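*Asks:* fold the following for me, if possible:
(chains A and B)
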Number of protein chains: 2
Amino acid sequence: MTIKIGILGYGNLGRGVEYAVGQNDDMELVAVFTRREPGSVKTESGVPVYPADRLQDMKDQIDVLMLCGGSATDLPEQTPEYAKLFNVVDSFDTHAKIGEHFTNVDASAKAAGKIAMISVGWDPGMFSLNRLYANAILRDGNDYTFWGKGVSQGHSDAIRRIPGVKNAKQYTIPVDSALASVRACENPELTTRQKHTRECFVVAEEGADLAEIENAIKTMPNYFSDYDTTVHFISEEELLRDHAGIPHGGFVLRTGKTGKNGEHNHVIEYSLKLDSNPEFTACVLAAYARAAYRMNQRGMCGCKTVFDVAPVDLSPMSAEELRGHLL
Amino acid sequence: MTIKIGILGYGNLGRGVEYAVGQNDDMELVAVFTRREPGSVKTESGVPVYPADRLQDMKDQIDVLMLCGGSATDLPEQTPEYAKLFNVVDSFDTHAKIGEHFTNVDASAKAAGKIAMISVGWDPGMFSLNRLYANAILRDGNDYTFWGKGVSQGHSDAIRRIPGVKNAKQYTIPVDSALASVRACENPELTTRQKHTRECFVVAEEGADLAEIENAIKTMPNYFSDYDTTVHFISEEELLRDHAGIPHGGFVLRTGKTGKNGEHNHVIEYSLKLDSNPEFTACVLAAYARAAYRMNQRGMCGCKTVFDVAPVDLSPMSAEELRGHLL
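*Replies:* As a prediction, the model looks like this:
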């Protein structure tokens, strides 16, 4: 039984899903859908590209539609809309708006009898799962999440909007000493500045005032002013050569106490080191597409998150094989 | 709604479950059951101690029975037996016999309409979960599990059986360079010797031949002969002072490739550093007791493992709170 997959949106994430589907023998990519001119889009695998508005005619040819748009404007509209037609998976990652998104999507998916899996990826996603598991186990403890070393698209964009900046890439970097203190069960209370530093590689326009740009970055509220920030001016050639990738990752830790008088300390740590943020996210989406399909086959519907999915539903192996090989 | 918990077997694990239940406001410990003379057992919390054969009369007073016996002889009998009366949770950890245990327990639990959660803890348990998640995500990759640094009860016992040995403690230690190679995505093929070393602290009887004991340890098949083993002879006083704890832990890693030509590497790592192996295991058991109870309340029955449990069922928080705080 092959799970027929559609992709809506063919940027870095959509292309990542195309690769991920190719790594899963029980899945088949039917088509990529785009709001651009389909003729302008060429897929890596040669799978056909259709205009997004053809989706409504392909209800029976697609088991799970992967929504690969952005969280700011695409997904708040697309996920509730397409959950009326398909099982869908999205990577909605605006943490503060997940509740609202859930409510909207749940109504559509329930009315249509479909599964809509939202906020799939690594944070939200695998990091959230590890926070939940660790909290359920160590009841008396503290949570820590560190991001990086990795590229923050939002912070890179913010630098690019500064007058005189031609191009830029920003890395978020966890502070080693803070991580060490957490691992040593010192239960530190960490300020924003103590947890992460920010490193910026900036290509300035010719004749731009570098000191002014550096100051504009370091004092930018929300994005940089609460952090220790380093700014390096480099050439466009260096930027393209040394900073072309989209790596990311991070650490989720929970430390906690057990015993008669809390005399025993425990550290649970989960970490990711990813060469390609969108390709890894896409792999998580593919696993949850399998679960969405299976849960819907069993008659379930509505909006779900990674918290609602039994791990067995993510794997192509049978429950018996899993018990034999991975338990 | 309080979940009423019973404990069968009051060793290190049973006592750990007693502490863990005390950390969970939605649980209440009803009684400890023992096959020893109940008068000889004193609980930490003052909860009553009853003989094991009173369990059959307490069907309606206990929601989940925690089976805290050993995997060698206790659990293969107890789990199928008590699944006829109660929702049960065990920590059966003989990996090679999980299939057989599952089959036996499943029949009992299904006939009785109960949930029996087996092989709960950290390995099998949390480590297994991380193997499953990482395999479902990174389809093209390699798995590695390292144990330690921690006390192996089985290896400590094996040393104690050597003539001339009065007492002993054995630590399993992961090899740093092997871990580093895995994290660097070198995908090493590691022999037993390359993954772990073994360190032994031995109290010899007076006049015993130390060289002979050391040789007996280092050449012992299965337990030590395939490892680089270090033996330290110390006094009983030193052993009790410096090696009284039961720490353990370890690392589960999966590395994998994505992209058009597998050009991107990813590392997923999960690790535990535990001051008390049985107390941490007990905390995992408590979380899965909650899930067992909830799943049974929804009409589910049969044998389950950590693979079958949706994370949301492990937490005392509601699904909405979890989405708001941990997603």
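*Asks:* could you pull out the helices for the stretch 151-300 of chain A?
*Replies:* Per DSSP state H, counting those that start in this stretch, the stretch 151-300 of chain A carries helices over the ranges A:153-160, A:176-183, A:192-195, A:210-218, A:236-242, A:277-297.
*Asks:* can you tell me the average pLDDT over the second one?
*Replies:* Model confidence over helix A:176-183 averages 98 on the pLDDT scale.
*Asks:* if I pick the closest residue to A:G141 other than its chain neighbours, what's in contact with it?
*Replies:* Sequence neighbours aside, A:G256 is the residue nearest to A:G141 in space, at 2.6 Å (criterion: CB to CB, 6 or more residues apart in numbering or on different chains). For every residue, glycine as well, the C-beta is placed using N, CA and C. Applying CB atoms under 8 Å, 6 or more residues apart in numbering or on different chains, we find A:G256 in contact with A:134, A:137-142, A:265-266, A:268.
*Asks:* export those to a markdown table and tack on distance to B:V252 and pLDDT?
*Replies:* Formatted as a markdown table, the contacts of A:G256 follow (distance: CB to CB, whole Å; pLDDT from 0 to 100):
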| residue | distance to B:V252 | pLDDT |
| --- | --- | --- |
| A:A134 | 14 | 98 |
| A:I137 | 15 | 98 |
| A:L138 | 18 | 98 |
| A:R139 | 23 | 98 |
| A:D140 | 24 | 98 |
| A:G141 | 20 | 98 |
| A:N142 | 22 | 98 |
| A:N265 | 20 | 98 |
| A:H266 | 16 | 98 |
| A:I268 | 12 | 98 |
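*Asks:* in PyMOL, select just the buried ones from the residues you listed.
*Replies:* Filtering those down to the buried ones (16 or more other CB atoms under 10 Å in any protein chain shown) takes a single PyMOL command:
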select buried, chain A and resi 134+137+138+139+141+142+265+266+268
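*Asks:* ok so, going back, can you list the helices of the stretch 151-300 of chain A in CSV and add mean neighbour count and distance to chain B?
*Replies:* Converted to CSV, the helices of the stretch 151-300 of chain A look like this (neighbours: other CB atoms under 10 Å in any protein chain shown; distance: least, CB to the nearest CB, whole Å):
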stretch, mean neighbour count, distance to chain B
helix A:153-160, 17, 17
helix A:176-183, 15, 8
helix A:192-195, 14, 18
helix A:210-218, 16, 29
helix A:236-242, 12, 16
helix A:277-297, 25, 4
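*Asks:* picking that back up, and the residue nearest to A:G141, what pLDDT?
*Replies:* The model's pLDDT for A:G256 equals 98.
*Asks:* bridging residues for it?
*Replies:* A:G141, A:H266 (DSSP bridges).
*Asks:* hang on, the earlier thing: now the helices of the stretch 151-300 of chain A in TSV, with distance to A:H101?
*Replies:* TSV is the format used below for those (distance: least, CB to CB, whole Å):
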stretch	distance to A:H101
helix A:153-160	18
helix A:176-183	31
helix A:192-195	26
helix A:210-218	32
helix A:236-242	35
helix A:277-297	16
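*Asks:* state the number of residues packed around A:A112.
*Replies:* Counted with other CB atoms under 10 Å in any protein chain shown, the neighbours of A:A112 add up to 17.
*Asks:* next one: A:G148
*Replies:* Taking other CB under 10 Å as the criterion, the count of residues near A:G148 is 21.
*Asks:* so what's it closest to, chain neighbours aside?
*Replies:* A:G148's closest residue in space is A:T172 (CB to CB, 6+ apart), at 4.0 Å.
*Asks:* how close does the residue nearest to A:G141 get to B:S181?
*Replies:* Per CB to CB, to the nearest Å, A:G256 is found 31 Å from B:S181.
*Asks:* wait, A:R139 touches B:C283, no?
*Replies:* Yes. The criterion here is CB atoms under 8 Å, and A:R139 meets it with B:C283 at 7.3 Å.
*Asks:* show me whatever sits in contact with both of those two.
*Replies:* With CB under 8 Å, 6+ apart as the test, A:R139 and B:C283 both reach B:20, B:23.
*Asks:* could you list the low-pLDDT ranges of the stretch 201-327 of chain A?
*Replies:* Residues of the stretch 201-327 of chain A meeting the criterion pLDDT under 70: none.
*Asks:* how far away is the residue nearest to A:H248 when sequence neighbours are not counted from chain B?
*Replies:* What sits nearest to A:H248 in space, not counting adjacent residues and going by CB to CB, 6+ apart, is A:G150, at 3.0 Å. Distance from A:G150 to chain B, counting by CB to the nearest CB, to the nearest Å: 12 Å.
*Asks:* how near is the residue positioned nearest the centre of chain A to chain B?
*Replies:* In chain A, the centroid-proximal residue (CA atoms, centre = their mean) is A:G121; its distance is 3.8 Å. Note on A:G121: its distance to chain B, by CB to the nearest CB, is 10 Å.
*Asks:* related to what we said a few turns ago, what pLDDT is listed against the residue nearest to A:G148?
*Replies:* 98.
*Asks:* that one against A:R198, yeah?
*Replies:* Yes. Assessed by CB under 8 Å, A:T172 is found in contact with A:R198 at 6.1 Å.
*Asks:* overlap of the contact sets of those two?
*Replies:* By CB under 8 Å, 6+ apart, A:T172 and A:R198 have these common neighbours: A:H155.
*Asks:* what are the ranges of the strands in the stretch 51-200 of chain A?
*Replies:* A:64-67, A:87-90, A:115-117, A:141-147, A:150-151, A:165-174, A:196-204 (DSSP state E, counting those that start in this stretch).
*Asks:* relative to A:L322, which of those is closest?
*Replies:* A:L322 lies closest to strand A:115-117 among these, at 20.3 Å (CB to CB).
*Asks:* residues in contact with that closest one?
*Replies:* Against strand A:115-117 from outside (CB under 8 Å, 6+ apart): A:79, A:83, A:87-90, A:105-106, A:108-109, A:288-289, A:291-293, A:295-296, A:300-306, A:309.
*Asks:* A strand includes A:Y50, no?
*Replies:* Yes. Under DSSP: H, G, I helix; E, B strand; the rest coil, A:Y50 falls within a strand.
*Asks:* could you give the bridge partners of A:I7?
*Replies:* On the basis of DSSP bridges, A:I7 is bridged to A:V32, A:M66.
*Asks:* count of neighbours near it?
*Replies:* For A:I7, the count of nearby residues is 28 (other CB under 10 Å).
*Asks:* residue numbers of the stretch 1-150 of chain A in contact with chain B?
*Replies:* Counting by CB under 8 Å from any CB of the partner chain, the residues of the stretch 1-150 of chain A close to chain B are A:16, A:19-20, A:23-24, A:44, A:95, A:98-99, A:102, A:119, A:124, A:126, A:128-133, A:135-140.
*Asks:* kindly recompute the last result at 6 Å.
*Replies:* Where the stretch 1-150 of chain A comes near chain B, counting by CB under 6 Å from any CB of the partner chain, the residues are A:19, A:23-24, A:44, A:98, A:119, A:124, A:128-129, A:131-132, A:136-137, A:139-140.
*Asks:* narrow those to those that are buried.
*Replies:* Burial by neighbour count, 16+ other CB under 10 Å: within the residues of the stretch 1-150 of chain A next to chain B this picks out A:19, A:23-24, A:98, A:119, A:124, A:128-129, A:131-132, A:136-137, A:139.
*Asks:* just those residues now: which is nearest A:G9?
*Replies:* Among these, A:Y19 lies closest to A:G9 (CB to CB), at 14.9 Å.
*Asks:* what sits against that closest one?
*Replies:* Neighbour list for A:Y19: B:T258 [criterion: CB atoms under 6 Å, 6 or more residues apart in numbering or on different chains].
*Asks:* checking my notes, it in a strand, right?
*Replies:* No. Assignment of A:Y19 by three-state DSSP gives helix, placing it outside any strand.
*Asks:* got a pLDDT number for it?
*Replies:* Looking at A:Y19, the pLDDT reads 98.
*Asks:* please apply the same query to A:M1.
*Replies:* On the pLDDT scale, A:M1 gets 79.
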